[in-house]
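**Student:** Provided below for reference: sequence and predicted model.
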Amino acid sequence: MNTISMKLQADELIRLALQEDISSEDVTTNSVMKEAVEGEVQLICKQDGIVAGLDVFKRVFELLDENTKTEFLCKDGDAVKKGQLMGTVTGDIRVLLSGERVALNYLQRMSGIATYTHTVSALLKGTKLLDTRKTTPNMRIFEKYAVRAGGGFNHRYNLSDGVLLKDNHIGAAGSVAKAVQMAKEYAPFVRKIEVEVENLDMVKEAVEAGADIIMLDNMSVEEMKEAIRIIDGRAQTECSGNVTKENIDHLTSLGVDYISSGALTHSAPVLDISLKNLHAL
């Protein structure tokens, strides 16, 4: 997805998030701030990690008031430390108060994913770490960006982005061979065809059918070793299923081309970041 498309999609999603949080008005802020007063608030990291989502954080306030100014002292992908001043936001205090939670929700979530991805990626030995489609609804564009900021790579963005024949597709088609054949006939020739397999018989069938990528799903280490021997370089290999930083060391020695993990997006804890020391200028 190009930068223009990302910005257009991001704006729409951020607006929806703001509308969810401010259905008619911010009653609390309006009760204590009767008129516009310029103020400043500090963005402070409360936990070591990798930052991601600064532009999204900034855009929240700009959509509420285009005159809001944000100055960052770090950039996406940077390592940040507990207690570090990450930047400041200046503008109408009412905007700073009303946009605070939505802006932080994005930044904390995205930075948490980048941090977890960085941690797992550091354990790999030349194998590319991929995310999956196990993302929060309406958060995919942000979460997949955060994976990249953390040093990981994106698998297909959505169902229109590539052919991945999973167990239910194979069941619907009747067999691995039939599913691959139908995909080859339907999909443009420039599209690679990936097949998810769960046992060695499926591995053999996928290789013989001409699959471009074979995903070894929830297989034991011994099964994966035998699967890689069977494939013998005739297709790229991907390991998936219950991949976490605790067991990844057992997988890196296999020699697979890719390791994919849904945990990067569905199980990463948020990074603790706060807006503090709000004051009038």
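**Tutor:** Here it is on my side, so go on. Numbering: from 1, shown residues only.
**Student:** the helix or strand of the chain with the lowest mean pLDDT: what's the following helix or strand?
**Tutor:** Here the helix or strand of the chain ranked lowest by mean pLDDT, DSSP states H and E is helix 248-252, holding a mean of 77. Next helix or strand after helix 248-252 toward the C-terminus (DSSP states H and E): strand 258-260.
**Student:** can I get the helix or strand following that following strand as PDB, trimmed to CA atoms?
**Tutor:** Going down the chain from strand 258-260, the next helix or strand is helix 263-266, by DSSP H and E. The C-alpha trace of helix 263-266 is given here as PDB (Å, rounded to 0.1, in the frame of the first residue of the first chain):
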ATOM      1  CA  ALA A 263       1.300 -13.300  18.300                       C
ATOM      2  CA  LEU A 264       3.100 -10.200  17.000                       C
ATOM      3  CA  THR A 265      -0.200  -8.500  16.600                       C
ATOM      4  CA  HIS A 266      -2.700 -10.400  18.800                       C
END
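**Student:** and helix 263-266, what does it pack against?
**Tutor:** helix 93-121, helix 140-149 (3 or more CB pairs under 8 Å, 6 or more residues apart in numbering; DSSP states H and E). Bear in mind the C-beta positions are built from the backbone N, C-alpha and C, glycine included.
**Student:** which of the three states applies to residue 275?
**Tutor:** For residue 275, the secondary structure call by DSSP: H, G, I helix; E, B strand; the rest coil comes out as strand.
**Student:** quick one, what contacts it?
**Tutor:** Neighbouring residues of residue 275 by CB atoms under 8 Å, 6 or more residues apart in numbering: 41-44, 89, 96, 100, 103-104.
**Student:** can you redo these as TSV with pLDDT?
**Tutor:** Formatted as TSV, these follow (pLDDT from 0 to 100):
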residue	pLDDT
41	98
42	98
43	98
44	98
89	98
96	98
100	98
103	98
104	98
